[in-house]
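Trainee: Below are the sequence and a predicted model for it; my questions follow.
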Number of protein chains: 2
Amino acid sequence: MTRQPDKAGATPAAQIPAPAAAGRMAGGDRRRQIVDVAMRLFSERGFRGTTTKEIATAAGVSEAIIFRHFATKEDLYTAIIDHKACSGEMADMEQPVAEAIRCSVAEHMSAKDDRAVFAHIALHMMQHHERDTEFLRLLFYSALEGHQLSRMFWERNVRTLYEFLGSYIRERQRDGAFRGADPLVVVRAFAGMIIHHSVTNTLWDKSRSLLNIPNEEAAREFTEILLRGIDAGPAKAAPARAGRADVAAIARASATSRRAPRAKKGK
Amino acid sequence: MTRQPDKAGATPAAQIPAPAAAGRMAGGDRRRQIVDVAMRLFSERGFRGTTTKEIATAAGVSEAIIFRHFATKEDLYTAIIDHKACSGEMADMEQPVAEAIRCSVAEHMSAKDDRAVFAHIALHMMQHHERDTEFLRLLFYSALEGHQLSRMFWERNVRTLYEFLGSYIRERQRDGAFRGADPLVVVRAFAGMIIHHSVTNTLWDKSRSLLNIPNEEAAREFTEILLRGIDAGPAKAAPARAGRADVAAIARASATSRRAPRAKKGK
DNA sequence: TTGCGGTAAGTAAGTACTTACTTTTAAAAT
DNA sequence: ATTTTAAAAGTAAGTACTTACTTACCGCAA
């Protein structure tokens, strides 16, 4: 098996996607364009999987000008973070939560219209994910590759969402509208439905071959499940206590048989 | 900024993690060991981010040995898939669903003990994810990098889960135990809670700083939310119809203002 | 003695980053 | 209005090193 001349057998696609801008550009514009191109490529192939040459070609310039604008490839990444964190007036990274809050969710909250509150948040998140697939992929690559972006997003966004929704749930629990349950677990359940749905759609089932529903329907159904799920109801006790005991039982059982396959090499 | 002598400033960790086996090995053993090591490294740094040199060093052999066993790096990846798909009697890739089905879930199903059914599946999946973090990361890298592994897993595992749980839900709907709702959406909601919880724990919040609960508790609460969420109940109509109409409204509203930022460069 | 597990030392094509040099542009000096 | 100037935009061709993969050659047990 002799070596093939073009070694890019792995991913030959997206090689010369857009020679882009032709003429000379003002410094700031070029810089922004490079960040834009880099973001796209990093989201497609990851930080390690993207070469500075590819970025240069896609931006329609020589490699050297990338290093005129950014000292290192690493710096390009942090530039992306800055760009996302504070690009003008619409900070992308705070959009999903912050905008949702501002945009009418707050009033629904004071009106205690639970369905409207949760459905709005769900729909907003889904629409955001659908529109900015690039960013979702970037986030996952970032988490896997251990870059700052994911940590920053987690602290700024996810934490905020948990606190925000969590405190609303606590309030409604005090109202007697929701049953007693750890609000953070409830938020995780809700966020899980939404985010997993988005991730599935953008990462695994792009063709929607398994499940193809419009965002509004998904948001409505997820909200319905969650709200019925945490509804205080007419003091209805959990019918089957067997389930609980049983879960604990199999937990114990399989905890013992943990060390079976992976014990082979020291350390 | 002069070039540093060791350029590995990006990720200096895990460079010489395990020189591993010393002496000569039988062909088959060595092969399996290499696959094992490669799997670990691919899950940590991705396919593109892992060099054959690193794999060789971690396996305690020279690089040439790797290419004696596997024609290309790509081949190593497919070997991982084969290893996962049909390693002896316990096919790892079919474990989460298939084993859960065999192991007592089936009886709970025929007994129509919904809580036991869902809690068992949830707990089983979570435990599997927790034990095999490596595989979870591998799956995500695979999805992002566009390798076969993720597609194969999706077809073999996720599809099965959806069909399996979906048909049970349909059955219970016919029984009048569950309210009418798209079973696939319900499965997505449930799987979302579980998988997002696992993914969060292994990818984003490893320290559990946001939410730290044992798997059994998470499984129990997620099950509770889902089952109450789809319970047929005493024919209780959805209280606030406002939520539904409203969701459709904001969907329409934001659909118009879609093309704002990303319209700049042609393709 | 031969087949197999193993290695040292390549090789060609990347890979991040530099250097030395040319062109464009826009404002200050004439 | 023209010339000067100088900063900034740009390039071609490196540099030092990595990377996937090869070749030629060991040593040892059956």
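Mentor: Received, thanks.

Trainee: State which one residue of chain A is found closest to DNA strand D.
Mentor: residue A:27 (1.8 Å; C-beta to the nearest atom of the strand). C-beta coordinates here come from the backbone N, C-alpha and C atoms, glycine included.

Trainee: which residues touch the closest residue to that residue other than its chain neighbours?
Mentor: Nearest in space to residue A:27, with sequence neighbours left out and distances taken as C-beta to C-beta, 6 or more residues apart in numbering or on different chains, is residue A:69 at 7.7 Å. By C-beta atoms under 8 Å, 6 or more residues apart in numbering or on different chains, residue A:69 lies in contact with A:27, A:30, A:31, A:34.

Trainee: phi, psi of residue A:25?
Mentor: phi -130, psi 150 (degrees, to the nearest 10).

Trainee: so who does it touch?
Mentor: Per C-beta under 8 Å, 6+ apart, neighbours of residue A:25: residue A:33.

Trainee: All the helices of chain A, in order from the start?
Mentor: Taking DSSP state H, the helices of chain A run over residues A:27-45, A:52-59, A:63-69, A:73-85, A:100, A:106-110, A:114-131, A:133-145, A:148-153, A:159-174, A:183-199, A:215-230, A:242-256.

Trainee: Please identify the residues of the stretch 51-200 of chain A in proximity to DNA strand C?
Mentor: Proximity of the stretch 51-200 of chain A to DNA strand C, by C-beta under 7 Å from any atom of the strand, involves residues A:51, A:52, A:53, A:63, A:64, A:67, A:71, A:72, A:73, A:74.

Trainee: Rebuild those residues as JSON lines, extending it with pLDDT.
Mentor: Shown next, in JSON lines, are those (pLDDT from 0 to 100):
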{"residue": "A:51", "pLDDT": "98"}
{"residue": "A:52", "pLDDT": "98"}
{"residue": "A:53", "pLDDT": "97"}
{"residue": "A:63", "pLDDT": "97"}
{"residue": "A:64", "pLDDT": "96"}
{"residue": "A:67", "pLDDT": "97"}
{"residue": "A:71", "pLDDT": "96"}
{"residue": "A:72", "pLDDT": "97"}
{"residue": "A:73", "pLDDT": "97"}
{"residue": "A:74", "pLDDT": "96"}
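
Trainee: and of these, the nearest to residue B:154?
Mentor: Comparing these against residue B:154 with C-beta to C-beta places residue A:51 closest, at 29.3 Å.

Trainee: and DNA strand D, which of the residues of the stretch 51-200 of chain A next to DNA strand C reach it?
Mentor: Answer for these near DNA strand D (C-beta under 7 Å from any atom of the strand): A:63, A:64.

Trainee: ok so, going back, let's see the ChimeraX selection covering just the buried ones among the contacts of residue A:69.
Mentor: Buried residues among the contacts of residue A:69 (16 or more other C-beta atoms under 10 Å in any protein chain shown), as a ChimeraX selection:
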select /A:30,31,34
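
Trainee: Taking the contacts of residue A:69 together, which two end up most distant?
Mentor: Longest span within those, C-beta to C-beta: A:27 and A:34, 10.7 Å.

Trainee: And the pLDDT at the residue nearest to residue A:27?
Mentor: Listed pLDDT for residue A:69 reads 96.

Trainee: rewinding a little: what's the separation between the residue of chain A closest to DNA strand D and DNA strand C?
Mentor: Here residue A:27 is placed at a distance of 11 Å from DNA strand C (C-beta to the nearest atom of the strand, to the nearest Å).

Trainee: likewise residue A:223?
Mentor: Taking C-beta to the nearest atom of the strand, one finds residue A:223 at 44 Å from DNA strand C.

Trainee: Isn't that residue up against residue A:120?
Mentor: No: if you go by C-beta atoms under 8 Å, residue A:223 and residue A:120 don't touch, sitting 9.0 Å apart.

Trainee: Enumerate every residue touching the residue most central in space within chain A.
Mentor: Centre of chain A computed as the mean C-alpha position; nearest residue by C-alpha atoms, centre = their mean is residue A:136, 4.7 Å away. Residue A:136 makes contact with A:129, A:198, A:199, A:202, A:203, according to C-beta under 8 Å, 6+ apart.

Trainee: can you rerun that using 7 Å?
Mentor: When contacts are counted by C-beta atoms under 7 Å, 6 or more residues apart in numbering or on different chains, residue A:136 touches A:129, A:198, A:199, A:202.

Trainee: Quick check: of these, which lies closest to chain B?
Mentor: residue A:199 (8.1 Å; C-beta to the nearest C-beta).

Trainee: Which residue, neighbours along the chain excluded, lies closest to that closest one?
Mentor: Closest to residue A:199 by C-beta to C-beta, 6+ apart is residue A:136, at 7.0 Å.

Trainee: ok, now residue A:53?
Mentor: residue A:63 (5.5 Å).

Trainee: try residue A:33
Mentor: With C-beta to C-beta, 6+ apart, the residue lying closest to residue A:33 is residue A:59, at 5.9 Å.
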